[in-house]
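> how would this look folded up:
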Amino acid sequence: MEKILIVDDEAFIRENLERILADDGYRPQSTDSPDEAVRIVSEEEVGLVLLDLNLGNKSGLDVLRAIKEADPGVLVIIITGYGTVESAVAALKIGAYDYIKKPFKADAIHLIVKLALETQSLRRMVKRLAREEKDINMVGNSPALLQIFHQIREVAKHETATVLITGESGTGKELVAQAIHRLSPRVDKPFIEINCGSLPFNLLESELFGHERGAFTDAKTRKLGLFEESNNGSIFLDEIGEMDMGLQVKLLRVLEDRKIRRLGGNQNIDINVRIIAATNAELKDAIEAKQFREDLYYRLNVFPIHIPPLRERREDIPCLLENFLQRFSREFNKAIRSFSPDALDLMLRYHWPGNVRELRNVVERICIMHNVDEIKPAHLPREIWGEAPQSEVPFRFEIPPEGIVLDDVVCQVEKELITRAFSITGGNVAKTARILNVPRGTLRYKLEKYELS
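Predicted coordinates:
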């Protein structure tokens, strides 16, 4: 229920507006003091202000300026007498949402307030989505990625839910974990990450759980573990599938009891931390191979988020290329503006085994090596061209003892080349003719000759 502030020096107007707004389910609050109005806007959540321009010795325009300075986002509807419409127009230029003239009817108040609050709601939603987009820090508009954005927003609200992020290397699992933390109520608390495959068992155990002085030979002082350091925040356990089976048992106890014990210690320590885990391995296969605990898997897999590889969401590639190109062109002070259609075609067809990380590295390498207005195929790394299927055309074959009909073999190779070129260009005749270096009319003739659609 929105709070609406009424600022008017006439008690009858204030009472009438309070009654109309209360009947519509709003929370009206009124005052005849300009200073009090500015204080309320600056200290409280106000959805809308109804402001009279004629406030005795105080200019309504000055009050409007002060209100907008206290809260630039608050909407203000001006209430004006018949003879002061010019002042209302001036108020619109300052930042008022709209104005209504005295004497007003209840229906007019109903309508203008409803429209203003709908506008305010839309503005807040746009700001929230923009803030969330910035916090998510991932680029793309494929249905798969939009679904991931939705999952991030939903699970972020529930600050104790354990999350398991799966996907190939380079897909952005760390970005998803960071976004969950930034959008959660824990945003002001620590976010600590560790790669479980980067340390041997003993070191990883000490890093996670900490140790007491004298717990082992080099333990000369007490050390807090990452679970304690991330208390009230989030801990990101990357490559959880690489964790030693012995340590998996201890992690399972943490998930069940929300307690840890330092190495060499004899007391349990309560922790309040959200655990986010990630892996590029298929954990169910690891369970079958007796390399990952099944009970731990189900404890981690409370809220699963799977990031598909880039080759399965190719519609994200153009916006990723634009984003990285802008970033690295600016960083390296280059004038590169775009990719040519042919270069973009090659990038879209490439398999991207390293996913978004590989794409980012390719764009960075291009921006380091070149300074042109437009990236063309010749500027792309060799591996991008390496998947072009022309190299697969079967030029080598054994000539049988009975010999061959040369024209038939040439036609066979020519037909194969044209077919594969069409698969590269998506059936575009002009592009196909261009990459085969033949006139378009010649290509059309050969299409008819070989009955190719």
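> okay, now the closest residue to E383 other than its chain neighbours: neighbour count?
Spatially, and ignoring its direct neighbours in sequence, E383 is nearest to Y350 (7.8 Å; Cβ to Cβ, 6 or more residues apart in numbering). Quick note: C-beta positions are derived from backbone N, CA and C, even for glycine. By other Cβ atoms under 10 Å, the residues close to Y350 number 23.
> which residues of the protein score low on pLDDT?
Applying pLDDT under 70 to the chain flags residues 1, 82-84, 126-135, 386-398, 453.
> need phi/psi at S42.
Main-chain dihedrals, S42, degrees, to the nearest 10: phi -80, psi -30.
> count the residues that sit near the nearest residue to it once chain neighbours are set aside.
Spatial nearest neighbour of S42, excluding adjacent residues (Cβ to Cβ, 6+ apart): A70 at 3.8 Å. The tally of other residues near A70 (other Cβ under 10 Å) stands at 16.
> A70 and V38 touch, don't they?
Yes: between A70 and V38 there is a contact under Cβ atoms under 8 Å: 5.4 Å.
> residue contacts, S198?
S198 sits next to E239 when contact means Cβ atoms under 8 Å, 6 or more residues apart in numbering.
> could you do I152 as well?
Contact analysis of I152 by Cβ under 8 Å, 6+ apart lists 136, 176, 179-180, 183, 305.
> the same query, at a cut-off of 7 Å, please.
Shown in contact with I152 (Cβ atoms under 7 Å, 6 or more residues apart in numbering): 136, 176, 179-180, 183.
> could you pull up phi and psi at it?
Residue torsions, per degrees, to the nearest 10, at I152 are phi -60, psi -50.
> roughly how far does S206 sit from G241?
21 Å (Cβ to Cβ, to the nearest Å).
> could you do P103 as well?
P103 is 73 Å from G241, by Cβ to Cβ.
> if you count what's nearby, which of the two comes out ahead?
Applying other Cβ under 10 Å to P103 and G241 shows that G241 carries more neighbours, namely 20 against 9.
> can I take it that A278 is in a strand?
Yes: assessed with DSSP: H, G, I helix; E, B strand; the rest coil, A278 lies in a strand.
> and it, bridged to which residues?
Note on A278: beta-bridge partners I165, judged by DSSP bridges.
> list the residues that contact it.
Neighbouring residues of A278 by Cβ under 7 Å, 6+ apart: 165, 173, 177, 238-240.
> so where do the strands sit in the stretch 351-453 of the chain?
374-375 (DSSP state E, counting those that start in this stretch).
> ah, wrong one, I meant the stretch 51-200 of the chain
54-55, 58-59, 75-80, 98-101, 163-166, 191-195.
> list the contacts of the second one.
Here strand 58-59 makes contact (Cβ under 7 Å, 6+ apart) with P34.
> that strand pairs with which strands, and in what direction?
When DSSP bridges is applied, strand 58-59 pairs with strand 54-55 (antiparallel).
> if we can go back for a sec, which of the contacts of I152 fall within helices?
136, 176, 179-180 (DSSP state H).
> dihedrals phi and psi, R274?
As for R274, its main-chain torsions (degrees, to the nearest 10) stand at phi -80, psi 130.
> out of the contacts of A278, which is nearest to I368?
Nearest to I368 among the contacts of A278 is K173, at 26.6 Å by Cβ to Cβ.
> surely the closest one touches G167?
Yes: contact criterion Cβ atoms under 7 Å: K173 and G167 qualify, at 5.6 Å.
> ok, how many other residues are close to D342?
Applying other Cβ under 10 Å, I find that D342 has 18 neighbouring residues.
> check which helix or strand it maps to.
Assigning secondary structure by DSSP states H and E places D342 in helix 341-349.
> which helices and strands does that helix pack with?
helix 317-331, helix 382-386 (3 or more Cβ pairs under 7 Å, 6 or more residues apart in numbering; DSSP states H and E).
> starting at the chain centroid, how far to the longest one?
Centroid separation between helix 317-331 and its chain, computed with Cα atoms, centre = their mean, to the nearest Å, is 16 Å.
> now do stretch 287-295
With Cα atoms, centre = their mean, you get 32 Å for stretch 287-295.
> in that stretch, which residues are buried?
Buried residues in stretch 287-295, counted by 16 or more other Cβ atoms under 10 Å: 287, 291-293.
> how about stretch 256-274?
258, 260-263, 269, 271, 273-274.
> now do it: everything it contacts.
With contacts defined as Cβ under 7 Å, 6+ apart, stretch 256-274 is touched by 159-160, 186, 205-206, 209-212, 214-215, 219, 225, 227-228, 230-235, 254.
> just the ones of those in strands?
210-211, 234-235 (DSSP state E).
> of the residues you listed, buried ones?
210-211, 234-235.
> re earlier: kindly reformat the strands of the stretch 51-200 of the chain as JSON lines containing distance to R14 and mean neighbour count.
JSON lines is the format used below for the strands of the stretch 51-200 of the chain (distance: least, Cβ to Cβ, whole Å; neighbours: other Cβ atoms under 10 Å):
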{"stretch": "strand 54-55", "distance to R14": "12", "mean neighbour count": "18"}
{"stretch": "strand 58-59", "distance to R14": "16", "mean neighbour count": "15"}
{"stretch": "strand 75-80", "distance to R14": "11", "mean neighbour count": "24"}
{"stretch": "strand 98-101", "distance to R14": "15", "mean neighbour count": "17"}
{"stretch": "strand 163-166", "distance to R14": "51", "mean neighbour count": "24"}
{"stretch": "strand 191-195", "distance to R14": "49", "mean neighbour count": "17"}
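> closest one to E44 among these?
Nearest to E44 among those is strand 75-80 (14.9 Å), distances taken as Cβ to Cβ.
> determine the set of other helices and strands touching the closest one.
strand 48-52, helix 85-94, strand 98-101, helix 106-136.
> who wins for proximity to K446 among the ones you listed?
The nearest among these, by Cβ to Cβ, is helix 106-136 at 48.6 Å.
> sorry, back to before: CSV for the buried residues of stretch 256-274, including secondary structure?
CSV is the format used below for these (three-state DSSP):
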residue, secondary structure
R258, coil
I260, strand
R261, coil
R262, coil
L263, strand
I269, strand
I271, coil
V273, coil
R274, strand
